[in-house]
Structures are given as structure tokens and as C-alpha cells.
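Colleague: sharing a model prediction with you, sequence too.
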Amino acid sequence: MNQAAQRKLAVLFPGRNYSVDSPLFYYAIRVLEGKGYEILKVDYGETAGNPEEVMSLVRESALRAVKAVPLPEYSEIVFVSKSIGTIIAGWVEEQLGLSVRHIFLTPLPGTLRLMKPGRCLVIAGGRDYVLRKEQLKAYCDEHQIALWQAPEGGHSLNVKDNPEESIRILEEVVRLYREFV
């Protein structure tokens with residue numbers, strides 16, 4: 001196999017208030033780089049304003065960023081996304097006609113239709129206020145999608161007033177990253 005065909009790419013799609021410098025992404029980058037992935041951090045630019053306009057701008061910004069990469073040079077592509085980024089990542093995959101693997105962190109309800117069996121890992125909090133744990137579990141079970149839920153974790157997978165438990169959750173998430181990639 002030639003060198004170009006062995007290249008691997010990980011594209012990071014942050015949440016609206018959860019940057020790629022935050023813990024879930026920081027440790028994803030460490031794991032991915034350790035496994036030989038090149039990293040592309042998508043920056044949406046300004047995300048204030050009318051939600052529909054913001055979503056349109058964010059989509060186009062993310063699409064431009066990914067299109068700027070020579071995708072055929074990569075033998076493996078993984079999208080790691082958080083919250084609103086989960087919708088953006090799935091949309092970018094569809095727009096570009098790609099078949100990538102996904103790590104969806106605390107997905108939104110609109111992400112469900114974008115999840116594909118065998119190609120994604122879903123990580124969420126059992127106390128996530130955005131997508132109820134029962135709804136997410138039922139969907140993942142029905143569609144045979146790998147799911148791990150932190151029972152006490154919220155939308156950022158943290159446990160309010162319990163940093164030790166938050167660190168335990170993060171440790172489990174890192175283990176899941178290693179297994180998935």
C-alpha cells in the first residue's frame with residue numbers, strides 16, 4: 001500500500017459552546033494523533049444570531065473546511081462531533097457523498113437520522129437535557145448503533161458538583177475512543 005493510501009484523517013466538529021480545546025476533544029486529539037490521524041479542527045466562526053441563519057452559516061463554513069482537504073488521499077476518515085456539531089458532521093458527510101466513521105458526543109434529536117449502524121459510536125449523558133436518554137437508547141437499540149451513556153452525565157458529560165465522577169466519565173470516554181479508532 002502506498003503512503004498516501006495509509007493516511008488517516010480525523011475531523012473535529014465542536015458544539016456551539018464547546019470548543020475543540022475542551023476536554024472531550026482534547027483527549028480525542030491525543031488518542032487520534034497517537035493512532036496516526038491527522039487532525040482538522042473545524043471553526044464555525046461567529047455563532048450568534050438567528051438560529052436558522054447561524055445553522056446555515058455553520059454548515060457552509062464546515063463544508064468549506066472539509067472540502068479544502070484532499071479527501072481521496074485518506075484511507076480512513078473519522079468525524080468527532082459534539083452537540084450541534086453532530087448534525088453538522090452528518091450533513092457534511094451527506095453533502096460530500098462520504099462514508100466516514102463517527103463519534104457522536106451528546107447528539108441532538110436531529111442527529112438520529114444521520115446515524116448509521118456499524119459506522120458510529122454514540123456517547124451521551126444520562127441526564128442530558130437536550131436528548132432524553134430513553135429516546136436515544138431506543139433509537140440506537142432499534143438501529144443497532146453502538147451507544148454508551150454516562151448515567152449521571154449531563155450534556156457536557158459532566159456531573160454537577162462532582163468533579164471526581166466527571167473525571168471517571170472522561171476516563172471511560174477515552175477508553176471508548178481507543179477502542180473505536
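Modeller: In hand now; what should we look at?
Colleague: now Tyr27: closest residue in space that isn't a chain neighbour?
Modeller: With CB to CB, 6 or more residues apart in numbering as the criterion, Tyr27 has its nearest non-adjacent residue at 4.9 Å, and that residue is Val174. All C-beta spots, glycine's among them, are computed from the backbone N, C-alpha and C.
Colleague: which other helices and strands does the helix or strand encompassing that neighbour contact?
Modeller: Here Val174, judged by DSSP states H and E, is contained in helix 163-180. Helix 163-180 is packed against helix 23-34, strand 101-105, strand 120-125, strand 146-150, with contacts defined by 3 or more CB pairs under 8 Å, 6 or more residues apart in numbering; DSSP states H and E.
Colleague: can you lay out those as CSV showing mean pLDDT and mean neighbour count?
Modeller: Converted to CSV, the helices and strands packed on helix 163-180 look like this (pLDDT from 0 to 100; neighbours: other CB atoms under 10 Å):
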stretch, mean pLDDT, mean neighbour count
helix 23-34, 97, 18
strand 101-105, 98, 26
strand 120-125, 98, 24
strand 146-150, 98, 19
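Colleague: in the protein, what spans have low per-residue confidence?
Modeller: 1-5, 46-48 (pLDDT under 70).
Colleague: ok, Lys133 to Gly34 distance?
Modeller: 31 Å (CB to CB, to the nearest Å).
Colleague: what angle do the helix holding Val174 and strand 120-125 make?
Modeller: Calculated by axes from the mean of the first three to the mean of the last three CA atoms, to 10 degrees, helix 163-180 forms an angle of 180 degrees with strand 120-125.
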